[in-house]
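# Prediction below, plus the sequence it came from.
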Amino acid sequence: MIPESELILNADGTIYHLNLLPDHISDTILTVGDPARVAQVSRHFDSIEFEGTHREFVTHVGYYRGKRLTVLSTGMGTDNIDIVMNELDALVNIDFMSRTVRPPEERLSLRIIRLGTSGSLQPDVPVGALLASQHAIGLDSLMQFYPLVETGLETQVARDLQQSLGLPFAPYVVRGSDLLREQLAADLLVGNTVTCPGFYGPQGRRLRLDLRSPDYMERLQNFRHQSPEGDFRLANFEMETAGYYALGQLLGHEVLSLNAIVANRATGEFAKDTGEIVERLIVRTLALL
């Protein structure tokens with residue numbers, strides 16, 4: 001049995017943070033950072049059967065063209081993704097009555113699609129573009145606490161980027177779902193996404209504080225790793241994707257991050273209408289599901 005202090009359930013039987021029961025989610029889940037964006041997605045549904053709110057986690061479940069979908073807000077950062085991914089997995093792969101993990105033949109693999117905003121690192125990834133993340137590179141510390149196994153390419157990229165950025169630790173590098181990318185990203189830009197543990201310094205922004213490495217942004221933009229698979233470069237950055245990909249791999253779920261590019265750090269441009277770019281991403285993704 002999993003102790004009460006580890007698998008925490010509320011008085012009504014819901015999982016601790018998300019405040020959801022197993023029946024409250026579908027096998028396909030769209031995630032957004034902003035709680036207000038949940039309604040922006042679900043307003044396209046033909047019907048809504050459940051709405052729930054707890055802290056920053058807003059959940060709508062409904063039907064779109066006959067398919068049952070869940071939309072869930074996560075808040076920002078991989079610390080929140082640690083909560084979301086573990087609790088979503090618990091909802092489908094742990095028996096709450098017996099507090100035991102379901103046997104392998106009964107476990108479910110969820111399809112989780114992040115719909116989020118992002119900033120471009122490269123001049124040729126313009127504001128207004130939609131980009132699917134092939135690999136995610138985590139500059140946060142989340143995977144210091146989990147037994148993630150990386151491929152040879154991923155280990156080499158992590159080592160080279162650590163050296164290039166002068167980091168005291170190796171980033172973690174994880175590939176997203178090929179299955180979902182083939183379904184949802186056929187006509188999108190595809191790139192490698194850096195996940196940062198903050199919005200300002202970790203993404204090279206200067207307001208009143210200087211950066212420890214003044215050329216940090218240039219190092220990210222100029223990073224290249226040559227491999228038999230081609231030229232590995234960094235296309236964009238945000239704050240969640242690497243956590244999604246790593247925990248998805250560890251827990252056995254299909255996960256893809258789709259990015260609405262609202263800023264270009266190479267050109268200094270910011271979108272005049274971020275809502276329009278996000279709406280295009282939402283409508284397009286729903287149509288393909």
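All right, it came through fine.

# Would you mark the buried spots in the helix or strand containing I48?
Counting by DSSP states H and E, the element that carries I48 is strand 47-54. Neighbour-count burial for strand 47-54, counted by 16 or more other C-beta atoms under 10 Å, picks out G52. The way it works is simple: take the backbone N, C-alpha and C, and place the C-beta from them, glycine included.

# for stretch 132-149, same thing?
Under 16+ other C-beta under 10 Å, the buried positions of stretch 132-149 are A132, S133, Q134, H135, A136, I137, G138, L139, D140, L142, M143, L148.

# And stretch 243-254, by the same measure?
G243, Y244, Y245, A246, L247, G248, Q249, L250, L251, H253, E254.

# Next step: the residues you listed restricted to helices.
Under the assignment DSSP state H, the buried residues of stretch 243-254 contribute G243, Y244, Y245, A246, L247, G248, Q249, L250, L251 to helices.

# just checking, the fifth one touches Y146?
I take that to be L247. Yes - between L247 and Y146 a contact is recorded at 7.5 Å, counting by C-beta atoms under 8 Å.

# so which of the buried residues of stretch 243-254 comes closest to A185?
E254 (13.1 Å; C-beta to C-beta).

# quick one: pLDDT of the closest one?
Predicted confidence (pLDDT) for E254: 98.

# Now do the same contact list for it.
By C-beta atoms under 8 Å, 6 or more residues apart in numbering, E254 lies in contact with S109, L110, R111, I112, S177, L179, L180, G248.

# so after the helix or strand harbouring I29, what's the next helix or strand?
Remark: I29 resides in strand 28-32, with elements defined by DSSP H and E. With elements assigned by DSSP H and E, the helix or strand that comes after strand 28-32 is helix 37-42.

# Show me what that next one is packed up against.
Applying 3 or more C-beta pairs under 8 Å, 6 or more residues apart in numbering; DSSP states H and E, we find helix 37-42 packed against strand 28-32, strand 57-64, strand 67-73, helix 274-288.

# P197: which of these is closest?
Per C-beta to C-beta, nearest to P197 of the helices and strands packed on helix 37-42: strand 28-32, 18.7 Å.

# Not counting sequence-adjacent ones, nearest residue to R114?
The spatial neighbour of R114 that comes closest, neighbours along the chain excluded (C-beta to C-beta, 6 or more residues apart in numbering), is S257 at 4.3 Å.

# before we move on, what about H225?
H225's closest residue in space is F232 (C-beta to C-beta, 6+ apart), at 4.1 Å.

# and that neighbour, what is it in contact with?
So F232 contacts H135, L153, V157, N192, R224, H225, Q226 (C-beta under 8 Å, 6+ apart).

# Show me which of those residues are buried.
H135, L153, V157, N192, H225.

# Just those: which are in strands?
H135, N192, H225 (DSSP state E).

# and the second one, what pLDDT?
Reading off the confidence values, N192 has pLDDT 98.

# how close does the closest residue to it other than its chain neighbours get to F57?
Leaving out its chain neighbours, the residue that sits closest to N192 by C-beta to C-beta, 6+ apart is H135, at 4.5 Å. Using C-beta to C-beta, to the nearest Å, H135 is found at 27 Å from F57.

# Buried residues of the strand holding I29, list them for me.
With burial defined by 16+ other C-beta under 10 Å, the residues of strand 28-32 counted as buried are T28, I29, L30, T31, V32.

# Tell me if I'm right that L180 and H253 touch.
No - judged on C-beta under 8 Å, L180 makes no contact with H253 at a distance of 10.3 Å.

# Mind listing the shared neighbours of these two?
R111.

# How about residues contacting stretch 267-275?
T117, P123, V127, G128, A260, I261, V262, A263, N264, I277.

# how long is that stretch end to end?
21 Å (C-alpha to C-alpha, to the nearest Å).

# Same check on stretch 219-239?
Distance across stretch 219-239, first residue to last, is 18 Å (C-alpha to C-alpha).

# Counting neighbours, what do you get for R111?
21 (other C-beta atoms under 10 Å).

# just the strands in the stretch 51-200 of the chain please.
57-64, 67-73, 94-95, 100-101, 111-120, 130-138, 172-175, 189-195 (DSSP state E, counting those that start in this stretch).

# Any chance of TSV for the ones you listed, columns distance to A36?
Formatted as TSV, those follow (distance: least, C-beta to C-beta, whole Å):
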stretch	distance to A36
strand 57-64	8
strand 67-73	8
strand 94-95	31
strand 100-101	35
strand 111-120	13
strand 130-138	20
strand 172-175	29
strand 189-195	22
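
# Tell me which of those sits nearest to S47.
For the strands of the stretch 51-200 of the chain, the distance to S47 is smallest for strand 57-64, at 5.1 Å, taking C-beta to C-beta.
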